[in-house]
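K.L.:
when you get a sec, could you give me coordinates for this:
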Amino acid sequence: FGQSYSQIYVNDNGHLTFNAPLSTYSPERFPMNGTRDIIAPFWTDLDNRGNGDIYYVQYTSGSLLQRVTQDINTYFPALNFQANWIFIATWHEVAYYSKSGTQTTLQAVLTTNGHYSFVLMNYGSIASTSKSVQVGDIKINACSDDGSSPRISLLRTFNYFGQSYSQIYVNHNGHLTFDSSWSSFSPQRFPMYGTRDIIAPFWTDLDNRENGEIYYVQYTNGSLLQRVTQDINAYFPALNFQANWIFIATWHEIAYYPMTRTQTTFQAVLTTNGKYSFVLMNYGSIASTSRSVQVRAVQTNSYQDMFYLFFIGPRQCIFL
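P.N.:
Below is the predicted model:
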């Protein structure tokens, strides 16, 4: 994200830092404020004095580089990525504090080809715990106007008005597209005509070069799926909906172009149970602006098993 590092620290409590070691065991909610860069595969209160080992290793050649290269190209085939370095940090069968004998195994893999950088997070057996845990979201790009994420492979197929998609793009100007990235910063009135499917939680001219970050993350299990399941069933109880996948895109404290330091935060949540699909739109602080703004999910195909929940505020919803 624009910073070049030649050193790293593998901290016992499930995170990596660059400028200095970090002993904190109380995870903070992402995105964090401040200047510290952190990679947190499993940030919680760990203790390897009773059991567990923490390892690191790095390579510039060999079979593991080829394996990582194959993994990256599976999800980003257009990049033609060839890893020239990997760094692997492993927390192996480490106990929670103060629960000696519990065993949790996780791993962070850093890799680069000199141009693109990736972090892979691998999980083995995770012991149950009532402790707070934080796992880092993925930040797309820290300094690009009218940019986009690379093509993101979805862990579940998302059915959108009769079209099934296995990929998505998170575009900087407040919208999601499926077939290709899209740099448009001039919102069009809905419904749009044409063949492009678009989900626009806040389509306007945004610029995160000076401030603001854009994240995405997806899950196929865990507490967030249960939370989304509860939200959907609160409004559609007859469906007996059970989410098996969620994709979350977050635009956090993004500035309007060219109004540096303005801060606008919003989020799109896509979810499915394999039959029904939903889009939830969540809004934090929205900076005032005279710019044109458009909010909508666009249907370009026949309506088929698709619902929207537009979360306009903490207690307001609009169903379309």
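K.L.:
output stretch 52-65 as CSV, nothing but the C-alphas.
P.N.:
Included here for stretch 52-65 are C-alpha records, laid out as CSV according to Å, rounded to 0.1, in the frame of the first residue of the first chain:
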residue,chain,number,x,y,z
GLY,A,52,2.9,-24.2,20.6
ASP,A,53,5.7,-22.9,18.4
ILE,A,54,6.0,-19.9,16.1
TYR,A,55,8.1,-20.2,13.0
TYR,A,56,9.1,-18.1,10.1
VAL,A,57,11.0,-18.9,6.9
GLN,A,58,11.5,-17.1,3.5
TYR,A,59,12.5,-18.3,0.1
THR,A,60,13.5,-16.8,-3.2
SER,A,61,13.4,-20.1,-5.2
GLY,A,62,12.0,-23.6,-4.9
SER,A,63,8.8,-25.5,-5.1
LEU,A,64,6.9,-23.4,-2.6
LEU,A,65,7.3,-20.3,-4.8
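K.L.:
buried stuff in that stretch?
P.N.:
Residues of stretch 52-65 classed as buried: G52, Y59, L64, L65 (neighbour count, 16 or more other C-beta atoms under 10 Å). Any C-beta I mention is one placed from the backbone N, CA and C, and that applies to glycine too.
K.L.:
and if you look at stretch 267-275?
P.N.:
Residues of stretch 267-275 classed as buried under the neighbour-count rule (16+ other C-beta under 10 Å) are Q267, A268, V269, L270, T271, T272, N273.
K.L.:
pLDDT of that stretch, averaged?
P.N.:
Along stretch 267-275, the predicted confidence averages to a pLDDT of 93.
K.L.:
hmm, back to that, so of the buried residues of stretch 52-65, which ones are in strands?
P.N.:
With strands identified by DSSP state E, the entries of the buried residues of stretch 52-65 that belong to them are Y59.
K.L.:
N19 touches I8, doesn't it?
P.N.:
No. Counting by C-beta atoms under 8 Å, no contact exists between N19 and I8, whose distance comes to 9.7 Å.
K.L.:
more neighbours, those two?
P.N.:
In this view N19 and I8 are compared by other C-beta atoms under 10 Å, and I8 has more residues nearby, 18 against 13.
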